[in-house]
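1. please work out how this folds:
(chains A and B)
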Amino acid sequence: KAGVTQTPRYLIKTRGQQVTLSCSPISGHRSVSWYQQTPGQGLQFLFEYFSETQRNKGNFPGRFSGRQFSNSRSEMNVSTLELGDSALYLCASSPLDSQETQYFGPGTRLLVL
Amino acid sequence: GENVEQHPSTLSVQEGDSAVIKCTYSDSASNYFPWYKQELGKRPQLIIDIRSNVGEKKDQRIAVTLNKTAKHFSLHITETQPEDSAVYFCAAGGSQGNLIFGKGTKLSVKP
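-> Residues are numbered from 1 along each chain as shown, chains lettered A, B, ... in the order given. Okay, here's the model as predicted:
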């Protein structure tokens, strides 16, 4: 099976802009989780989607949102970008539950200038 | 809120020595504890996991122990090799169904 894919891999934006990141899970996986990774902060949970519904949400402001489509592909959107949003955004998929083995994508590296 | 503390943040060992990384968690309802390895520039990959009904699990040179009473779990790597050098993350399955990660341990294995 093909692994988790994310697009784009790299992105440069300016403050105030908005951005949409895409994640395609492993075929058959229905759970997609998103994480923000910054140096020294590890992986911070953003949200998890299952069957097109947000099942869990981390402690991020409302500027961070997401959705999942019927084919399990997921997108996350960040509006009104801030310098502090610069990070590696990782998505991970698992068959049913985020408490099963999660398979990570390569990430999208976002730089906000 | 739910929290996972991971120590140490950096660890340097000689090749062949053992390495131990420890994590504590706050949510007593957690019952799934995976460990991920992230090499420089690569995605995190699962190396071992343990569930709350098991106290210890081994896979070749890697072992994980779990103490639910104390709410801590540890990763043990024996006979370390240079290719073990990476950042290791522990995580705990939260009561909300999501994973809470520690901040990572950068392991350096010196030849």
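2. need the strands for chain A, in chain order.
-> A:5-7, A:10-13, A:19-24, A:31-38, A:42-50, A:53-57, A:64-68, A:74-78, A:87-94, A:103-104, A:108-112 (DSSP state E).
3. now the third one - C-alpha only, CSV.
-> Just to be clear, that refers to strand A:19-24. Extracted in CSV, the C-alpha atoms of strand A:19-24 (Å, rounded to 0.1, in the frame of the first residue of the first chain):
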residue,chain,number,x,y,z
VAL,A,19,-3.0,28.3,4.0
THR,A,20,-4.5,24.9,3.2
LEU,A,21,-2.6,21.7,3.6
SER,A,22,-3.7,18.3,2.3
CYS,A,23,-3.2,14.8,3.6
SER,A,24,-4.0,11.5,1.9
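4. what about that strand, average pLDDT?
-> For strand A:19-24, mean pLDDT rounds to 98.
5. ok, that strand near chain B or not?
-> No: shown here: strand A:19-24 not in contact with chain B (Cβ under 8 Å from any Cβ of the partner chain), separated by at least 12.1 Å. C-betas here are computed from N, CA, C, even on glycine.
6. returning to what we had before: how about the strands of chain A in TSV, adding mean neighbour count?
-> What follows is these, written out as TSV (neighbours: other Cβ atoms under 10 Å in any protein chain shown):
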stretch	mean neighbour count
strand A:5-7	16
strand A:10-13	13
strand A:19-24	20
strand A:31-38	23
strand A:42-50	23
strand A:53-57	15
strand A:64-68	19
strand A:74-78	20
strand A:87-94	24
strand A:103-104	22
strand A:108-112	18
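7. just so I know, which of those lies nearest B:W35?
-> strand A:42-50 (12.6 Å; Cβ to Cβ).
8. residue closest to the middle of chain A?
-> A:W34 (3.3 Å; Cα atoms, centre = their mean).
9. so what's it up against?
-> A:C23, A:F45, A:L46, A:F47, A:E48, A:G66, A:S74, A:M76, A:Y89, A:L90, A:C91, A:A92 (Cβ atoms under 8 Å, 6 or more residues apart in numbering or on different chains).
10. follow-up on the earlier one: for the strands of chain A, give me CSV that also has distance to B:V13.
-> What follows is the strands of chain A, written out as CSV (distance: least, Cβ to Cβ, whole Å):
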stretch, distance to B:V13
strand A:5-7, 33
strand A:10-13, 34
strand A:19-24, 36
strand A:31-38, 25
strand A:42-50, 21
strand A:53-57, 36
strand A:64-68, 38
strand A:74-78, 38
strand A:87-94, 27
strand A:103-104, 26
strand A:108-112, 30
